[in-house]
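Chemist: turn this into a model:
(chains A, B, C and D)
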Protein chains: 4
Amino acid sequence: MNACIRAIVRTACFYGYGVIGIKNGYKGLVNGAFVPLKVGSVGNIIQRGGTMLGSSRSKEFLTKSGRKRAYEFLKAHRVSHLITLGGDGTFRGASIFSKEFPIKVVGVPCTIDNDIGGTDFCIGFDTAVNTAVECIDRIRDTADSHGRVFVIEVMGRNTGHLALETALAVGAEFVVVPEVKFNLKSLIKKIQAGIDRGKSGSIVIVAEAEEPGRAFPISKSIQKFIRRDVRTSILGHLQRGGSPSGRDRNLASRLGSQAVQCLSGGSRQLMVAIKNEKVVVRALGQGIKIRRRAELSNLKLIHILSV
Amino acid sequence: MNACIRAIVRTACFYGYGVIGIKNGYKGLVNGAFVPLKVGSVGNIIQRGGTMLGSSRSKEFLTKSGRKRAYEFLKAHRVSHLITLGGDGTFRGASIFSKEFPIKVVGVPCTIDNDIGGTDFCIGFDTAVNTAVECIDRIRDTADSHGRVFVIEVMGRNTGHLALETALAVGAEFVVVPEVKFNLKSLIKKIQAGIDRGKSGSIVIVAEAEEPGRAFPISKSIQKFIRRDVRTSILGHLQRGGSPSGRDRNLASRLGSQAVQCLSGGSRQLMVAIKNEKVVVRALGQGIKIRRRAELSNLKLIHILSV
Amino acid sequence: MNACIRAIVRTACFYGYGVIGIKNGYKGLVNGAFVPLKVGSVGNIIQRGGTMLGSSRSKEFLTKSGRKRAYEFLKAHRVSHLITLGGDGTFRGASIFSKEFPIKVVGVPCTIDNDIGGTDFCIGFDTAVNTAVECIDRIRDTADSHGRVFVIEVMGRNTGHLALETALAVGAEFVVVPEVKFNLKSLIKKIQAGIDRGKSGSIVIVAEAEEPGRAFPISKSIQKFIRRDVRTSILGHLQRGGSPSGRDRNLASRLGSQAVQCLSGGSRQLMVAIKNEKVVVRALGQGIKIRRRAELSNLKLIHILSV
Amino acid sequence: MNACIRAIVRTACFYGYGVIGIKNGYKGLVNGAFVPLKVGSVGNIIQRGGTMLGSSRSKEFLTKSGRKRAYEFLKAHRVSHLITLGGDGTFRGASIFSKEFPIKVVGVPCTIDNDIGGTDFCIGFDTAVNTAVECIDRIRDTADSHGRVFVIEVMGRNTGHLALETALAVGAEFVVVPEVKFNLKSLIKKIQAGIDRGKSGSIVIVAEAEEPGRAFPISKSIQKFIRRDVRTSILGHLQRGGSPSGRDRNLASRLGSQAVQCLSGGSRQLMVAIKNEKVVVRALGQGIKIRRRAELSNLKLIHILSV
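Modeler: The predicted structure follows:
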C-alpha cells in the first residue's frame, strides 16, 4: 500500500492538489486523525510492507452518525475527494458514504484475497503469492527429507485465488478451495498415487475459507488413510507484510496515479482497475457487485502437473 | 525454465506422449545429446533457477548442414514434434528448421528481455524484475546513507522492458532506455532538483542496449555536473538465475502445458503466449516479426513519482 | 545438512576412504538402505535445504535387536566408521550403538535447537534464526499497521536458544523461554508501557517448550488485560528448510571435513564441535551429558532495547 | 548499523544519559550537524540496512583545525563521550581526536572487511557474506546451465575475509586473496580438473584488494587456457545494504549496549569487541595496531571440497 500512497501523493502534488493522509482508515476519518502529506513525506517507503498510515476496522463508520462525523471532518478541512485503498468492506463503506454526503470517492483495489470485481488484480496479491511460495518451498524441504504429507493453510477468505496460484507454483498435489466441494476420496487417492510412484513428500494447500483452522480436520482425515506423518501449517499473517514484489509496486504506482487523475471528472463513485494490462476507470459499484472468480481451470493443471 | 520443462513432460505423459529432453539447446540437437524424460525426472525442480537441460549457443545449427544433422537425429529417434524454449534467436532457429524439415515446432517465449511479439509476458521476466528490484533496494540503502548517485545497468538487450519495470519499482529518478534518445541535460536537471529538495540519494537505471558497460560513460558525464559521489553498478548475470517468482512458475506451467496440447493440431509452426491473462496459441512468426514494445508511458510516471 | 554431507564425502574421497550414505537415518541403517557416494554425488547441493539422504525416526534402532541388524548390515559392507548428523537423540543412539558393537562413531551437531553440549553452535541454528527473523519482520509490518500485539511461537524444544536470538534480532518486547518462569504480570506491564509511549505494535516471542501451541493460552491471557487486538502465529516447520546461511554452510563444511579427519584416531566415540571459532574434537559424551545453556543475559538486553 | 544505533540510544536512555546523533560521521562532527535521539527516534529501524544517521568521508577531520571545530561543537553541547561506528579509518580518527581533546571515545567495529583487530567479528560482515552467497547462488544457476566459468569479485579491501567465507559457502573452485600470491597455473589446473570430471560450471572468487576491477584481467588469463565461456561479475555495492542478518543485528545490539556501559569508566580510548562469543572491552589501539588475519586454513578446505 505504501507504493500506492506514494503514487497518490506525488501525482496529486504534480497536478497541484493538496493531500492529507487519514490515519487508520475509516477510524481516523471518523475521529479526524490525519497527517498532511507532501512530496517528501512519502520518500523511501516504496520498498516497505504494511502502510505508513495504519489500518483499522471502524464500527462507528458502519453507523450513519459515524459517517456524519467523518463528513463534518472532511468539510471542515475543505476536502472534497476521497481515495480509499482496500478490499470489499472498504469499497462498500466508500459507496454508502458517497451516496449520503457530497464527497467524491475513488476506490483502489488492495487485498490479498484478489476478489474485487472489475479488475484483473488487486494490489498485494502478487506479493502474497510470492511470500507463500517462499515459505512452502522451505516446508517442502522438510516434507521431502522426512517423507511427510503437509497440509498448509493459506489466506483468501471466501475465494480460492491465493490457494490456486500458490498450489500451482509450489507443485502441490492437491488444493482445497471454497468454490469446489471438498472430496476427501480424491485427495487420498492422489496422495497415495504419489507415494506409490515413489514421491518422498506431499503438499496439500487449503484455502482458509470462513475462518482459519480448516486445515486441522483435513489433516486428521488424511492421517486415517495414509501411512505417513501428516503435519499441518497455518501460514496466517506471514502472508501479509514484507517488501512488495516489483509487480505489486508497479501496479500500486499506476493505479494510485490514475486515482488522482480521475478526480477531476464529474463522476462521484469510481474505482481504478487493471484490465488486460491496461489501467482503466470503472464505476465503484463494479468492484462490489460481482466478486472476481478464481481461475478453476488451474485445478486440472495442478492435478496433471503433480502426478 | 525448469517449471516449464516440468509442465511439458508431465502434460505429455498425461496425454500419452513420449518425451526426450535435448541437452544444451540446439547444440545438443545437432550432436544428438539427449535424456529420456519421465514423470519422475522432473520432480523437485519447479523451484530451481536455470535449466536442468542446459543451454548453449550453437554455431552449427546456423548452418544448413548442422540443421540436417539435427533432423537426422530426430528422425532416428522418431521424434516428430519439437518444443523450443527461448527468445528471439531460438524462435528464428525453430522457424527455419521447421520450414526445411518435416518437424512441427512450438515455441515457448522465455527471455528476461520480454521482447517476443504476440505475448504480454515472457517466462523469466517477472523473476528478473524482482531480482533487480531486490538488488537495487540494497544499493539504495548505501545511496541514501552516503548521499550518492548510483547509475545501475540492467539487462534487456535492445529493449527497455526490464529497465522501465525496474525503475518504476525502485522509485528511480531517471531511466535510460534504447527506445528514447538519451538526454543528459534532463537527467542532470532531475537529479539536481532532487538534491535541492533534500533527497539523500539518487538512482539512475540504464538499459544495457547493444553491449554491457554503457553505464560507465553516463556516470562520468553526471559526475561533471553533480557535486556528489557518482557510482556505477552493473547487475549483469545476477538478474538471471535464482528461484523463480510465483507468477513466473505459473506462467511457465500454463504455457508449457499448452505447448503440448497444441501438438496434435495440423499447424507446423506455433507459439504459445499469454494475452490478457489467457493462454493463447499463435503462429510462430508473430513472435519474431514484431518485437514487443516497451511501455513508454511509464517514463512519465517514473518522472512524476520520483520528484 | 547437505553442505555437511558434501564435506564428508569429498574429504573422505580426498583421503582415499570409500563412503556410503545411509538413507533416512537410523531407519536406513536397520533396513540396509544406502547409496554409494562419490565426489560427483554431492555436486550442486551446498545451497539446498533439507537433506539428500532423508531423515526419519526409527523405533527399531531403539531396540537391541534393531541395532544388531544395523551392525550386521555395516559389517556385511565392511563399514567400520559411522558419522552421524543430528541432535540429542541421534547422539544418544550413536553412543549406545558404539558401546554395543565395534563401530567407531563421530557425531556432528545438527539441530536448530542448538542445545548440544560441548559446542558453541549446532549446524542449522543460524539459518533457523534468519528464517524466523525474516518471517517476523513481515508480521511486524502488520502489527505496526494495525496496532496489534502478536504472540509468535518459535521452535527450540526445551531450550530458549532460538527464542532468545530471534527476540533480540526482531526487537521483540518480551520473550517467554522454558528456562525462566513465565510472569504474565511483567509481560502485561511491558506491553502496556509500550502502548503508553506510543508504540504502534508489539511482538512477544514464545519458545514452544514441551509441545507446540503454548502461544495460544498466552495470547488469551494478554487479551484480557490489553485493549488491542492480540493475534497468535506459530512459525512451526517454516523454520526448518530453506537455503542455508553462509555461516551455516561454512560451519557444516568445517565440521564435516573434521569428522572425516578424526576417523583415523583410536577413539571410539567422538564428536566434532566449534569452540571459540575453532573446530575441535571432543568425546561424544560431552554432547549429551550437558545440555548447552541459553544465554539468559540476553533477557535483560531484550528488555532494555525494546522500551 | 541501525541496530547498533538503536542499542546505543536505548541503553543510554535506560541509564539516564542524554544522546545526540551526529549526521554523516566526522563530517557532521566538524560542521555541527546533529539530531537529538530519544527512545522513540530509533523505533522500527532494527531491520533496515544502511544508517539513519548517514555516512560520509571528511577531509576536514583529517586536519587539526577540523578536529578543533569538532571539539568546539561537542563542548558547546556539553558532550563528553563519543561512540564511533566504523572500520579502520574511523578508529584512527577517534584515537587521534581523543588524544588531542578531552573527549572519551569508544569504537564499535563495523565493517564488511572484518579486519579490525581485537574482535572476532565486525558488524556487517555476516550480512555481507549472506548477500554475496545469495547473489552467487543465482550466478551459479547460469554457470551450470550454460557450462561457464564465472570470475566473481567481492569486496574486502586488503583482506580476504569476505572472499574466503563466501568462496567456502558457495562451493567455489578457487579463491584469490591478497594474503596469498596469485598462481594462475593452479587456478587453470583446478578448473580443468573440474571440467574433466564432468562439472558443468565453475566459480572463481576474487577479493578486490587495492581497487575494484581485478577480476577482469584474471578472466582474460583464464580464457586463454580454458575452452569455455569465461564471464566476469563485480558484486560491488550490492554487498552493502539490505536487511541485516539475525546474527549481525544481535552482535550490533550487544556491542552497542556495551559501548554505553563502558562510558562510565575512567579509560579514554576503548573499543568493544566480541571474543569467543563474549562481549569484551579493549583498548582502542588494539583495533588498529593489528589487522585481523583471514583464516587461510580455509584455502585448503575450499580446495578439498570443490574437487
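
Chemist: ok, A:Arg268 to chain B distance?
Modeler: From A:Arg268 over to chain B the distance is 25 Å, taken as CB to the nearest CB, to the nearest Å. For glycine as for every other residue, the C-beta is placed from the backbone atoms N, C-alpha and C.

Chemist: pretty sure that residue sits against A:Ser98.
Modeler: Yes - A:Arg268 lies in contact with A:Ser98 (CB atoms under 8 Å); the separation is 5.5 Å.

Chemist: anything in contact with each of those two?
Modeler: A:104-105 (CB atoms under 8 Å, 6 or more residues apart in numbering or on different chains).

Chemist: out of the two, which sits in the more crowded spot?
Modeler: Between A:Arg268 and A:Ser98, A:Ser98 has the larger neighbour count (other CB atoms under 10 Å in any protein chain shown), namely 20 against 16.

Chemist: any idea how far that one is from A:Gln269?
Modeler: 5 Å (CB to CB, to the nearest Å).

Chemist: go on, A:Arg240?
Modeler: A:Arg240 is 28 Å from A:Gln269, by CB to CB.

Chemist: circling back to that earlier point, check the contact lists of A:Ser98 and A:Gln269 and give me the overlap.
Modeler: A:104-105, A:284.

Chemist: which of these fall in helices?
Modeler: With helices taken from DSSP state H, the overlap with the shared contacts of A:Ser98 and A:Gln269 comprises A:Leu284.

Chemist: whichever of the shared contacts of A:Ser98 and A:Gln269 end up buried, select them in PyMOL.
Modeler: Applying 16 or more other CB atoms under 10 Å in any protein chain shown to these leaves a buried subset, and the PyMOL line that selects it is:
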select buried, chain A and resi 104+105+284
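
Chemist: need the shared contacts of A:Ser98 and A:Gln269 in a markdown table (columns: pLDDT).
Modeler: Formatted as a markdown table, the shared contacts of A:Ser98 and A:Gln269 follow (pLDDT from 0 to 100):
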| residue | pLDDT |
| --- | --- |
| A:Lys104 | 96 |
| A:Val105 | 97 |
| A:Leu284 | 96 |
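
Chemist: check what pLDDT the closest residue to chain D within the stretch 1-150 of chain A gets.
Modeler: Scanning the stretch 1-150 of chain A for proximity to chain D using CB to the nearest CB identifies A:Arg48 as nearest, at 9.1 Å. For A:Arg48, the pLDDT comes out at 93.

Chemist: ok, for it, nearest residue in space, not its chain neighbours?
Modeler: A:Asn2 (5.2 Å; CB to CB, 6 or more residues apart in numbering or on different chains).

Chemist: ditto for A:Cys135
Modeler: A:Cys135 sits nearest to C:Leu238 (CB to CB, 6+ apart), 5.4 Å away.

Chemist: what's the local residue count around the residue of the stretch 1-150 of chain A closest to chain D?
Modeler: Neighbours of A:Arg48 (other CB under 10 Å): 20.

Chemist: isn't it up against A:Arg249?
Modeler: No - A:Arg48 is beyond contact range of A:Arg249, at 10.4 Å (criterion: CB under 8 Å).

Chemist: re the thing from before, for the residue nearest to A:Arg48, give me its contacts.
Modeler: A:42, A:45-46, A:48-52, A:244.

Chemist: if you set the cut-off to 10 Å instead, what comes out?
Modeler: A:42, A:44-53, A:243-244, A:249, A:252, C:141, C:145 (CB atoms under 10 Å, 6 or more residues apart in numbering or on different chains).

Chemist: show me these that map onto helices.
Modeler: Reading helices off these with DSSP H, I get A:249, A:252, C:141, C:145.

Chemist: now tabulate those residues in TSV and tack on pLDDT, distance to chain D and neighbour count.
Modeler: As requested, the ones in helices among the contacts of A:Asn2 are exported to TSV (pLDDT from 0 to 100; distance: CB to the nearest CB, whole Å; neighbours: other CB atoms under 10 Å in any protein chain shown):
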residue	pLDDT	distance to chain D	neighbour count
A:Arg249	98	17	29
A:Ala252	98	21	27
C:Asp141	91	10	23
C:Ser145	91	11	24
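
Chemist: out of the residues you listed, which one sits closest to chain B?
Modeler: A:Arg249 (4.3 Å).

Chemist: you'd agree that closest one is up against A:Ala3?
Modeler: Yes - using CB atoms under 10 Å, A:Arg249 is in contact with A:Ala3, at 4.4 Å.

Chemist: need the overlap of contacts for those two.
Modeler: Joint contacts of A:Arg249 and A:Ala3 (CB under 10 Å, 6+ apart) are A:46-47, A:123, B:168-169, B:171.

Chemist: in which helix or strand does the residue of chain A most remote from its centre reside?
Modeler: The outermost residue of chain A relative to its centre, with distances by CA atoms, centre = their mean, is A:Asp196 at 37.5 Å. Using DSSP states H and E, A:Asp196 sits within helix A:184-197.

Chemist: what residues of the helix or strand following that helix count as buried?
Modeler: Going down the chain from helix A:184-197, the next helix or strand is strand A:202-207, by DSSP H and E. Buried residues in strand A:202-207, defined by neighbour count with 16+ other CB under 10 Å: A:202-207.

Chemist: closest to chain D out of those?
Modeler: Distances from chain D to these, taken by CB to the nearest CB, are shortest for A:Ile203, at 23.1 Å.

Chemist: give the contact list for that closest one.
Modeler: A:Ile203 neighbours (CB under 10 Å, 6+ apart): A:136, A:139-140, A:143-144, A:148-152, A:166-167, A:170-175, A:191, A:194, A:233, A:306.

Chemist: so A:Lys278 is in contact with A:Val272, correct?
Modeler: No - the pair A:Lys278 / A:Val272 is not scored as a contact, 11.2 Å apart, by CB under 10 Å.

Chemist: in a markdown table: the shared contacts of A:Arg249 and A:Ala3, plus neighbour count and distance to B:Gln261.
Modeler: As requested, the shared contacts of A:Arg249 and A:Ala3 are exported to a markdown table (neighbours: other CB atoms under 10 Å in any protein chain shown; distance: CB to CB, whole Å):
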| residue | neighbour count | distance to B:Gln261 |
| --- | --- | --- |
| A:Ile46 | 26 | 40 |
| A:Gln47 | 21 | 40 |
| A:Ile123 | 30 | 33 |
| B:Leu168 | 28 | 35 |
| B:Ala169 | 29 | 34 |
| B:Gly171 | 25 | 41 |
